[in-house]
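J.: Kindly return the folded structure for what I paste below:
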Amino acid sequence: MPGLLEKLISPAEAEKPGFARYIEEIYIPRWNRNETINFLIEGFKAKSINYRDKELHKVYEELSGTPCFISYYGLLRLNSLNHRNALDKTVEYAITGWERDLRSFLNVYNSSLYIYVLAILAEIIYNGLSWRELKGELERRLKRPCALDEKW
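T.: Numbers count the residues shown, from 1 in each chain. The predicted structure is shown next:
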């Protein structure tokens, strides 16, 4: 989500202190199923943590190959949580972070149009979207035309 926001509206220019501070960006792509499972197996074997193969597949499916969340899940397992509790806490951690980021974003970009745009992009981000397509979907949802220079 932070990368999406940066690409769309450049939050680095936000006026609010503490939001969108300068960062050095390191891109870590999502892991595929094998990368996720191998990462967890190596860590669990090194620390003698018992696991079931189907649990590791479930982790990949639930966390969509996101390295930070998979690492967090592994840390919780290392701290003696069972699979179900570790996965539940990881999902809760992810959602809490996204909600916090969204609230911070809305504090800076306080407009209902942004909310519509984020909702549209969240639904179709993997397929890609041109500006014309985004504008068309926004107009369909708002039931009115949107000018290119409209104040958001």
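
J.: distance of residue 55 from residue 89?
T.: Residue 55 sits 14 Å away from residue 89, going by CB to CB, to the nearest Å. Where you see a C-beta, it was placed from the backbone N, CA and C, and this is true even at glycine.

J.: who has more neighbours, the two?
T.: Neighbour totals were compared for residue 55 and residue 89, and residue 55 leads with 19 against 14 (other CB atoms under 10 Å).

J.: That one sits in which helix or strand?
T.: helix 53-63 (DSSP states H and E).

J.: In this structure, where is pLDDT below threshold?
T.: 1-24, 125-128, 148-152 (pLDDT under 70).

J.: just the helices in it please.
T.: Counting by DSSP state H, the chain has helices at residues 2-9, 33-46, 53-63, 67-78, 83-108, 112-124, 131-142.

J.: Let me know which of the ones you listed is tucked in deepest.
T.: Highest mean neighbour count among those (mean count of other CB atoms under 10 Å): helix 67-78, with a mean of 18.

J.: neighbouring contacts of that helix?
T.: Outside helix 67-78, the residues within contact range by CB atoms under 8 Å, 6 or more residues apart in numbering are 28, 30-31, 36, 39-40, 43-44, 47, 49, 51, 59-60, 63, 83, 85-87, 89-90, 93-94.

J.: can we see that at 7 Å?
T.: Contact with helix 67-78 is made by 28, 31, 36, 39-40, 43-44, 47, 49, 59, 63, 86-87, 89-90, 93-94, as judged by CB atoms under 7 Å, 6 or more residues apart in numbering.

J.: Centre of the chain to stretch 93-105, how far?
T.: 9 Å (CA atoms, centre = their mean, to the nearest Å).

J.: now the end-to-end length of stretch 45-65.
T.: Using CA to CA, to the nearest Å, the gap from the first to the last residue of stretch 45-65 comes to 20 Å.

J.: Brilliant, that's me finished.
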